[in-house]
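> The amino acid sequence is not available; the structure is as follows:
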DNA sequence: GAACAATAGTTGGTACAACAAACAATTGAT
DNA sequence: ATCAATTGTTTGTTGTACCAACTATTGTTC
């Protein structure tokens, strides 16, 4: 275990960053009386952005698998934020749409997300952002190629 | 929900990258007959790197809280990879040390970790690496400051 | 048009880490 | 000696993710 590490581990950083951001968002939501996890927020916001999405489309948009999305939608439906509507053309599909109260929650959550995002990006530049995204996309790509 | 997004969301990228890396590592381990989660690997490797660590030190080194570390150590002890030894000076503390079989597993896992890490970093440079770490550290810092 | 394949979504089961809160035991400080 | 701080455990809860198997519907092929 004493080899020289040419490439240091970045995984733990990613994991830690992920946890910190998620926890921060949950707390910020809670302070504002919003009861949403980051994953629920992502699904809700994607559903709110484009009306007329099926669950598979939502799954693709959020990079989650269908069981996970299905269950998150269950929760958001139970809370009255989303509705599953049957589609006439294809009876296998559901149209996921946002309710009024779902929209309200999303509208309330959005500035919080933006504010925390800004806070996280303090001292960083636009080119940092581009690099950050490019690096993450490259790594993801590399992992997916094999 | 139609505001211009000055700073786009990077959270989902981080989350997705995190998941992909973790899943890849679990699978790579499994293919090699190693039964370790990424978290277990981190704790084991930290414990293997420096002998003579207490659980609190391990928790700090891995950026996990004590209950989480405690349980991971439980698992690794059950599998015979780690041992808790009482300390004479301070009877609240345990000395966490790696067993022979724990070392063997770590030695076997290490090249896999390195190889996957390299695979992930294909097409990226040393300066990318520095930027990547700097950016993540900055964000983490920003979140912790408030 | 019947058989088979593909797609959409659900469900059950499992694994696992993380968090919060409360706790016991020990040690340190006033 | 009392009170505070530290170390680690335990309990309970939450939540996502993954796999695999399943139903229902639609599309394709012969």
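Everything's here; your move. For clarity, every value in this text was computed on a predicted model and none was experimentally measured.
> all strands in chain A, in order from the N-terminus.
Assigned by DSSP state E, chain A shows strands spanning A:82-86, A:94-98.
> With respect to burial, which of those strands scores highest?
Stretch with highest mean neighbour count among the strands of chain A: strand A:94-98 (a mean of 19; mean count of other C-beta atoms under 10 Å in any protein chain shown). Placement of C-beta: from N, CA and C, glycine included.
> Establish whether that one and chain B are in contact.
No: Strand A:94-98 does not reach chain B (C-beta under 8 Å from any C-beta of the partner chain); its nearest approach is 9.5 Å.
> would you turn the strands of chain A into a markdown table with mean pLDDT and distance to residue B:48?
Shown next, in a markdown table, are those (pLDDT from 0 to 100; distance: least, C-beta to C-beta, whole Å):
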| stretch | mean pLDDT | distance to residue B:48 |
| --- | --- | --- |
| strand A:82-86 | 94 | 47 |
| strand A:94-98 | 95 | 48 |
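> Would you tell me which of these gets closest to DNA strand C?
With C-beta to the nearest atom of the strand as the criterion, DNA strand C lies closest to strand A:94-98 of those, at 4.5 Å.
> is DNA strand C contacted by that closest one?
Yes: Strand A:94-98 reaches DNA strand C (C-beta under 7 Å from any atom of the strand) through residue A:94.
> Any residue of that strand touching DNA strand D?
No: under the criterion of C-beta under 7 Å from any atom of the strand, DNA strand D is not reached by strand A:94-98; the shortest gap measures 11.4 Å.
> That strand - contacts with which helices or strands?
helix A:38-49, helix A:55-62, strand A:82-86 (3 or more C-beta pairs under 8 Å, 6 or more residues apart in numbering or on different chains; DSSP states H and E).
> what would the strands of chain A look like in JSON lines with distance to residue B:19?
As requested, those are exported to JSON lines (distance: least, C-beta to C-beta, whole Å):
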{"stretch": "strand A:82-86", "distance to residue B:19": "23"}
{"stretch": "strand A:94-98", "distance to residue B:19": "22"}
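> Retrieve the pLDDT associated with the closest residue to residue A:70 other than its chain neighbours.
Nearest residue to residue A:70 in three dimensions, chain neighbours excluded: residue A:55, at 6.3 Å (C-beta to C-beta, 6 or more residues apart in numbering or on different chains). The model reports residue A:55 with a pLDDT of 96.
> Repeat that for residue A:3.
Value for residue A:3, per-residue pLDDT: 41.
> Same question for residue A:51.
Predicted confidence (pLDDT) for residue A:51: 78.
> out of the helices and strands packed on strand A:94-98, which comes closest to residue B:47?
Set against residue B:47 and scored by C-beta to C-beta, those come closest in helix A:38-49, at 30.8 Å.
> Now the closest one: buried residues?
A:38-48 (16 or more other C-beta atoms under 10 Å in any protein chain shown).
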